[in-house]
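>>> Below is the sequence, then the predicted model.
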Amino acid sequence: MEPSSDRTGTHRRRRRRPVVVAAAAAAVLVAWALVVVMRPASAAAACGTTNVALNQPATASSVEASRLSPDKAVDGDGSTRWASAQGADPQWIRIDLGATVDLCQVVIAWQNSYAKSFSLEVSADGQSGWRSLYSTTTGTGGTQTIPLSGTGRFIRMLGTVRATSYGYSLYELAVYAGPGGGDPSPTITPTGPALPGGGDLGSNVIVFDPGQSSATIQSKLDQVFAQQEKNQFGTERYQFLFKPGSYSGLNAQLGFYTSINGLGQNPQDVQIHGDITVDAGWMQGNATQNFWRSAENLSLYPVSGVDRWAVAQAAPFRRIDVHGGMTLASPNCGWASGGYIADSRVSGQISPCSQQQWFTRDSTIGSWKGALWNMVFSGVRGAPAQSFPSPAITTLATSPVTQEKPYLYADASGYRVFVPALRTNSSGATWTSGNTAGSSLSINQFYVAKPGVSAATLNQAAAQGLNLLFTPGVYHLNQTVAINRANTVVLGLGYATIVADNGALPMRVGDVDGVKIAGLLFDAGSTNSPALLQVGPAGATGNHAGAPNLISDVFLRVGGAGAARVTNALIVNNNNTIIDHIWSWRADHGSGAGWTSNPADTGLLVNGQNVTAYGLFVEHFEKYNVVWNGNGGKTIFFQNELPYDPPSAAAWSHDGITGYAAYKVANSVTSHEAWGLGSYCVFTADPSIAAYHSFEVPVNANVRFHDVLTVSLGKGSITHVINDTGSAALPSNVTPHTVVNYP
């Protein structure tokens, strides 16, 4: 925000040292002053003493950089700040106070880039009806204490004329209310009636009963598939739910944004004598774009003895009991790339055929046939032995710490959500020796969300202590949904999709125990957001080892469905978080896919300590795809493609290095371990690009990588695998280049 310092000349640098000391001292004084000043002035005797804006959801018209996000203006820390983009008017920062309050005073601590003209406005819903409570054309900067009077839930500072040539920047915006605090928001009703026909879960949740005829069920399955088979970037979303019982003669073909789940407490409670099929006829056998579909919590008896699940990313296969085998590609193998199985049992043989990489976790299988580039198994009974790179099998006998995804089921009382228990050093499915261990929540402990709901309503429900269940559909949120209660469950059905509007960070978790975010697709909007999901505030310090936060089947998308932009798709600040299957994707095709039309720096940023990740799929981001800053991290399986579209080597270079690594462990990290990682390149815009390496890590005996590979897919090259180690992946030879252990 400030002019850059003159750094030329030896004598000039020496003479600047006292200025640096003075600046540091000034910063300390500013922070001290904020602690003292950011309270109601004594003249405002009717004001309360609580800053009602502290740590409330904040959004802004723009941000200069991710570290200058709007939440920094309400974090109570006088050394952090929000800053808008430079050189544009008007700009605003908006705060959801969480309830309607009688406002009596605002205290703003400006950074040097302050507003000469600005107003303070309030609104009931944050969207319309803004009323000005204060305005000035002679702003002074510094710390301004502003008495005012009015009622509202949302307050914003609207800057219209800047005092400098930069943007607007403030350290803190504190808001104080009268002693009564205003009228509380109305109580949110959790949900409506329980089970019949989908009921309160909406028309896109389709519930089947074993008393229905097979023809009736098949007709509905076929109707949805005909709509969704090629509907890659459409807005339709569907969830099939099968009540406990036996079904026969079915072939459930799954297209885009379609999920099929059993409603039993365990997979054996729902038996489908037929098939659940994913094929790629719509792409002539090429399954590399079979994204966004899922199957969960049922038993399957394939007609031919082998079920076909030819998928790519974001297509989890969970809690399935397959009485037979599986093939993971189209007939005659075709093309396929990437997939995920967990908490399942497959009695027969699984054949990956053309799958380049695949990850299977905490399951039991009869046998496995073949390997292309890297097949990774963690806690899988019956898995093939470790043999990377020939054949390309990576096997861990147990998974260090796991928690399975929460899931919807039904009993005599109606819908419930089961939350599986935490496991350590686990192997095999959770349900093969009896009920899955864990706890059950009534649907009456959830706010059941439907498209059109506001972020304010979701925040109100969360503040009342309710969990959140998103029914299938697309949700536009223009402010942050704050999850600040320990052990809150946020669960999506049928690829419920949350779109970040107006540069919002749509969901943020506090530094609390046990929050579970599962089954959601987050979409970036056309205005840059600092992130799409943030787990924990910056600088989070809590120890959550006994009750980790869980991110499970969470998918993040930048472009493809339209022009989009975000800085970091997923930020994990909370310690001990478990990441269990994500696809963080900067689109390489679809609407709005291009170097300048869907810009995004990083797909996953990990700042927390002792974070464990399973099944990381992170692709095409313009800088580092993954940045890992926290100590004690573990990753088991990573699939990556570097961005297709850097316009030139010069445009994609930094620090004298061509290209950004796919997976970077910060130099400050002293302990980290990873197994089964792959990164590919196909530089379509400039095939002459030679990325220096795909994995960049500090050289430390406690930073260890196992079974790592790079591949050129025919355009461009990767000179090394990890740091300066590993041979070059060249376009003339589309085969993996491997490093078995590093260092």
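Structure received.

>>> end to end, how far does stretch 559-574 reach?
With CA to CA, to the nearest Å as the measure, stretch 559-574 spans 27 Å from end to end.

>>> Same question for stretch 695-707.
12 Å.

>>> Check which residues of it are buried.
Using 16 or more other CB atoms under 10 Å as the test for burial, stretch 695-707 gives 695-698, 703, 705-707. Placement of C-beta: from N, CA and C, glycine included.

>>> Also stretch 276-283?
276, 278-280, 282.

>>> Take those residues and keep only those in strands.
Under the assignment DSSP state E, these contribute I276 to strands.

>>> So which of the buried residues of stretch 276-283 belong to helices?
Nothing among those maps onto helices, per DSSP state H.

>>> Can you tell me which of the buried residues of stretch 695-707 is closest to D222?
Distance to D222 across the buried residues of stretch 695-707 (CB to CB) is lowest for D707, with 42.1 Å.

>>> Touching, the closest one and G676? I think so.
Yes - D707 lies in contact with G676 (CB atoms under 8 Å); the separation is 5.0 Å.

>>> re the thing from before, need the max-distance pair from the buried residues of stretch 695-707.
The most distant members of the buried residues of stretch 695-707, if one measures by CB to CB, are P698 and D707, lying 19.5 Å apart.

>>> pull the CA atoms of stretch 429-440 into PDB?
Listed next in PDB are the C-alpha coordinates belonging to stretch 429-440 (Å, rounded to 0.1, in the frame of the first residue of the first chain):
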ATOM      1  CA  ALA A 429     -13.600 -50.800   6.700                       C
ATOM      2  CA  THR A 430     -15.300 -49.600   9.900                       C
ATOM      3  CA  TRP A 431     -18.500 -51.800   9.500                       C
ATOM      4  CA  THR A 432     -17.300 -55.300   8.600                       C
ATOM      5  CA  SER A 433     -17.300 -56.500  12.300                       C
ATOM      6  CA  GLY A 434     -20.400 -54.700  13.500                       C
ATOM      7  CA  ASN A 435     -21.800 -51.200  13.500                       C
ATOM      8  CA  THR A 436     -19.400 -48.400  12.700                       C
ATOM      9  CA  ALA A 437     -18.300 -46.800  16.000                       C
ATOM     10  CA  GLY A 438     -19.400 -43.200  16.500                       C
ATOM     11  CA  SER A 439     -22.400 -41.100  17.400                       C
ATOM     12  CA  SER A 440     -25.800 -40.400  15.800                       C
END
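
>>> Tell me which helix or strand A547 sits in.
For A547, there is no host helix or strand (DSSP states H and E).

>>> got the contact list for it?
When contacts are counted by CB atoms under 8 Å, 6 or more residues apart in numbering, A547 touches 422, 486-487, 513-514.

>>> Quick check: buried residues in stretch 330-340?
Buried residues in stretch 330-340 (16+ other CB under 10 Å): 330, 333-340.

>>> what does that stretch contact?
279-281, 284-288, 290, 308-313, 315-317, 328-329, 352-361, 581, 615, 617, 639.

>>> could you redo the last one with a cut-off of 7 Å?
Applying CB atoms under 7 Å, 6 or more residues apart in numbering, the contact partners of stretch 330-340 are 279-280, 285-288, 310-313, 315-317, 328-329, 353-359, 581, 615, 617, 639.

>>> what's the offset of it from the middle of its chain?
Centroid separation for stretch 330-340 versus its chain: 25 Å, with CA atoms, centre = their mean, to the nearest Å.

>>> pull the CA atoms of it into PDB?
Presented in PDB, the C-alpha positions along stretch 330-340 are these (Å, rounded to 0.1, in the frame of the first residue of the first chain):
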ATOM      1  CA  SER A 330     -14.300 -48.200 -19.800                       C
ATOM      2  CA  PRO A 331     -14.500 -51.300 -22.100                       C
ATOM      3  CA  ASN A 332     -11.100 -51.900 -23.900                       C
ATOM      4  CA  CYS A 333      -9.600 -49.800 -21.100                       C
ATOM      5  CA  GLY A 334      -9.900 -46.400 -22.900                       C
ATOM      6  CA  TRP A 335      -8.400 -43.600 -20.800                       C
ATOM      7  CA  ALA A 336      -8.900 -42.800 -17.100                       C
ATOM      8  CA  SER A 337      -7.100 -40.800 -14.500                       C
ATOM      9  CA  GLY A 338      -7.500 -40.700 -10.800                       C
ATOM     10  CA  GLY A 339     -10.100 -42.100  -8.300                       C
ATOM     11  CA  TYR A 340     -10.800 -42.900  -4.700                       C
END
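
>>> per-residue confidence averaged over that stretch?
Here stretch 330-340 scores 93 as its mean pLDDT.

>>> List just the nearest of the buried residues of stretch 276-283 to Q534.
Distances from Q534 to the buried residues of stretch 276-283, taken by CB to CB, are shortest for V278, at 32.1 Å.

>>> how far away is that closest one from A371?
Here the distance between V278 and A371 works out to 21 Å (CB to CB, to the nearest Å).

>>> can you pull the pLDDT of the closest residue to I582 other than its chain neighbours?
Distances taken as CB to CB, 6 or more residues apart in numbering put V554 closest to I582, at 5.2 Å, once the chain neighbours are dropped. Listed pLDDT for V554 reads 98.

>>> Unless I misread the structure, D71 falls within a helix.
Yes - according to DSSP: H, G, I helix; E, B strand; the rest coil, D71 belongs to a helix.

>>> give me every residue that touches it.
A58.

>>> Quick check, G262 in contact with D269.
Yes - counting by CB atoms under 7 Å, D269 is a contact partner of G262 at 6.4 Å.

>>> Next up, the contacts around L730.
L730 makes contacts with 712, 717, as judged by CB under 7 Å, 6+ apart.

>>> repeat that with 10 Å
L730 makes contact with 690, 712, 714, 716-719, 737 under the criterion CB atoms under 10 Å, 6 or more residues apart in numbering.

>>> of those residues, buried ones?
Buried among the contacts of L730 (16+ other CB under 10 Å): 690, 712, 716-719, 737.

>>> Specify which member of those residues is nearest to L54.
I718 (47.1 Å).

>>> What helix or strand is the closest one located in?
Here I718 sits within strand 717-722, counting by DSSP H and E.

>>> Please report how far P302 lies from G726.
Distance of P302 to G726, computed by CB to CB: 41 Å.

>>> Same check on L505?
Remark: distance between L505 and G726 (CB to CB) = 37 Å.

>>> Who has more neighbours out of the two?
For L505 versus G726, the count of surrounding residues by other CB atoms under 10 Å is larger for L505: 29 against 21.

>>> The more buried one reaches V535, doesn't it?
No - using CB atoms under 10 Å, L505 is not in contact with V535, being 11.6 Å away.

>>> which neighbours do the two share?
Jointly contacting L505 and V535 under the rule CB under 10 Å, 6+ apart are I571.

>>> neighbours around G249, how many?
The burial count for G249: 13, using other CB under 10 Å.

>>> Just the strands from the stretch 51-200 of the chain, written as ranges.
Remark: strands assigned in the stretch 51-200 of the chain by DSSP state E, counting those that start in this stretch are 58-60, 82-83, 91-110, 115-123, 131-136, 143-162, 169-177.

>>> do you know which of these lies nearest S442?
Nearest of those (CB to CB): strand 91-110, 25.2 Å.

>>> if we can go back for a sec, could you redo the strands of the stretch 51-200 of the chain as CSV and give each row mean neighbour count and mean pLDDT?
As requested, the strands of the stretch 51-200 of the chain are arranged in CSV below (neighbours: other CB atoms under 10 Å; pLDDT from 0 to 100):
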stretch, mean neighbour count, mean pLDDT
strand 58-60, 28, 88
strand 82-83, 26, 94
strand 91-110, 22, 91
strand 115-123, 21, 92
strand 131-136, 14, 90
strand 143-162, 19, 92
strand 169-177, 25, 94
